[in-house]
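Undergrad: take a look and give me a structure for this.
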Amino acid sequence: MQKILGRYDRVDLPEFGLINIHAKIDTGAYTSSLHCHKAEVVGGKLEFILLDEEHPEFTGMKFTTSDYQIRNIKNSFGEVERRFVIVTTLKIFNEEITTEFSLSNRGSLKFPILIGRKILRNRFIIDVKKKNLSFREKQKLHRTLKKQKRG
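TA: Sure thing, here's the model as predicted:
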């Protein structure tokens, strides 16, 4: 059964230690995108820093992978950009989804993560009147577990 997602939510990227990061649900975008402060190829490996100093979860931690691609991706203005694309795990509604993210500078945008159709298709139904459904479910589960421990 497909879950319902609103126009935005909070998601986890466990491989990067990022929890409850704001994500915009964008059915107009094919690829998902992740805010990247800096990315460069060093010795055949991609080194990148996620988020930026303005973001509360910014750690400045440098991540390295040899599993990446460089692709032409159309931005929201219809312009083609060359971007690094990585594969990582997205956790939403307590489900872990291995998927691709293009790395781009989303610093001027409200949401550091954009979730596109590639992830959404056949998994979620989008209701633009709603928001933070996965995050609320996670909080409810957390409160229930806390009560069980006390009781």
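Undergrad: skipping adjacent residues, who's closest to F58 in space?
TA: L51 (4.4 Å; Cβ to Cβ, 6 or more residues apart in numbering). Any C-beta I mention is one placed from the backbone N, CA and C, and that applies to glycine too.
Undergrad: over to S33?
TA: Nearest one to S33, counting by Cβ to Cβ, 6+ apart, is L114 at 4.3 Å.
Undergrad: next up, the contacts around that neighbour.
TA: By Cβ atoms under 8 Å, 6 or more residues apart in numbering, the contact list for L114 reads 23-24, 26, 29, 32-34, 106.
Undergrad: now the helix or strand that contains it: average pLDDT?
TA: In this assignment (DSSP states H and E), L114 forms part of strand 113-115. The average pLDDT for strand 113-115 rounds to 96.
Undergrad: circling back to that earlier point, count of neighbours near the residue nearest to F58?
TA: Residues lying near L51 (other Cβ atoms under 10 Å) number 23.
Undergrad: and the gap between it and F63?
TA: Using Cβ to Cβ, to the nearest Å, L51 is found at 11 Å from F63.
Undergrad: need the overlap of contacts for the two.
TA: Joint contacts of L51 and F63 (Cβ under 8 Å, 6+ apart) do not exist.
Undergrad: V87 in helix, strand or coil?
TA: strand (DSSP: H, G, I helix; E, B strand; the rest coil).
Undergrad: partners of it in the sheet?
TA: Going by DSSP bridges, V87 is paired in beta bridges with E100.
Undergrad: list the buried ones in the lengthiest helix in the chain?
TA: Identified as the longest helix of the chain according to DSSP state H is helix 133-150. Neighbour counts using 16 or more other Cβ atoms under 10 Å place 133-135, 138 of helix 133-150 among the buried residues.
Undergrad: ok, now stretch 78-93?
TA: Neighbour-count burial for stretch 78-93 [16+ other Cβ under 10 Å]: 83-86, 88, 90-93.
Undergrad: how about stretch 51-68?
TA: Result for stretch 51-68 [16+ other Cβ under 10 Å]: buried residues 51-52, 55, 58, 63, 68.
Undergrad: contact partners of that stretch?
TA: 16-19, 21, 35, 37, 44-50, 84-87, 107, 112.
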